[in-house]
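1. 3D model of this:
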Amino acid sequence: MGILKNEYKSFLADIEKNVKNKQDLEYVKGRFASFLDVVLDQMDYIMDYKEEEMKKLENTQNELGARIEQMQQIIDNIEKDIYTEDGFDFEIVCPYCNYEFIIDVDENKTEIQCPECQNIIELDWSGDIEEGNNNECLGNCQGCAGCDEDDDM
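-> Coordinates of the predicted model:
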């Protein structure tokens, strides 16, 4: 606004120097002051409008930042669920006492002791659920009373 103020003073000085009739000089000064008031009011309006728009943009940016942060937390939780550092959990149901417990997947383990009944449970990580080793029934299936398939033949 300093430049505008200096230009205004320069304009008034120039008019006073070049307009000799006092009545005309006062008219021009008054008219120019009225015009300048309108221009300054419009500039204030524009500045207020732009300031309001900037506040809206800042609020929107803050909301988007909060949403992004929430999404990042969700993504981090999904990532933790998918890529656990401790390995994968595996649910075991003891075939002897039906006690359910969870162990970490360790393909090197071939058996585990039930924490409830202390019986040893053989682990088969191959995913082949039909029969145990050497095609013999281990009788460890949920609700299994042992296979009688081979006995019937």
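2. what does stretch 71-86 contact?
-> For stretch 71-86, contacts defined as Cβ atoms under 8 Å, 6 or more residues apart in numbering pick out residue 104. C-beta: built from backbone N, CA, C; applies to glycine.
3. domain assignment for the protein?
-> Following automatic domain parsing, one finds the domains of the chain at 2-82, 89-135.
4. For the ones you listed, which has the smallest mean pLDDT value?
-> Among those, domain 89-135 has the lowest mean pLDDT, at a mean of 80.
5. now the strands for this protein?
-> In the chain, the strands defined using DSSP state E lie at 89-93, 100-104, 111-113, 120-122.
6. got TSV for these, with distance to residue 7 and mean neighbour count too?
-> Shown next, in TSV, are the strands of the chain (distance: least, Cβ to Cβ, whole Å; neighbours: other Cβ atoms under 10 Å):
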stretch	distance to residue 7	mean neighbour count
strand 89-93	77	12
strand 100-104	79	12
strand 111-113	90	12
strand 120-122	93	13
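7. Ignoring the adjacent residues along the chain, who's closest to residue 89?
-> Of all residues not flanking residue 89 in the chain, residue 102 sits nearest, at 4.9 Å (Cβ to Cβ, 6 or more residues apart in numbering).
8. circling back to that earlier point, dump the strands of the chain into a markdown table; add distance to residue 67 as well.
-> A markdown table is the format used below for those (distance: least, Cβ to Cβ, whole Å):
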| stretch | distance to residue 67 |
| --- | --- |
| strand 89-93 | 32 |
| strand 100-104 | 35 |
| strand 111-113 | 45 |
| strand 120-122 | 47 |
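9. Indicate which one of those is closest to residue 30.
-> Smallest distance to residue 30 across the strands of the chain (Cβ to Cβ): 86.7 Å, for strand 89-93.
10. which helices and strands sit right next to the closest one?
-> Counting contacts by 3 or more Cβ pairs under 8 Å, 6 or more residues apart in numbering; DSSP states H and E, strand 89-93 is packed against strand 100-104.
11. Please give the centre-to-centre distance between the strand it packs on and its chain.
-> On the basis of Cα atoms, centre = their mean, to the nearest Å, strand 100-104 sits 32 Å off its chain's mean C-alpha point.
12. rewinding a little: now for the residue nearest to residue 89: which residues touch it?
-> Contacts for residue 102 (Cβ under 8 Å, 6+ apart) come out as 89, 90, 91, 92.
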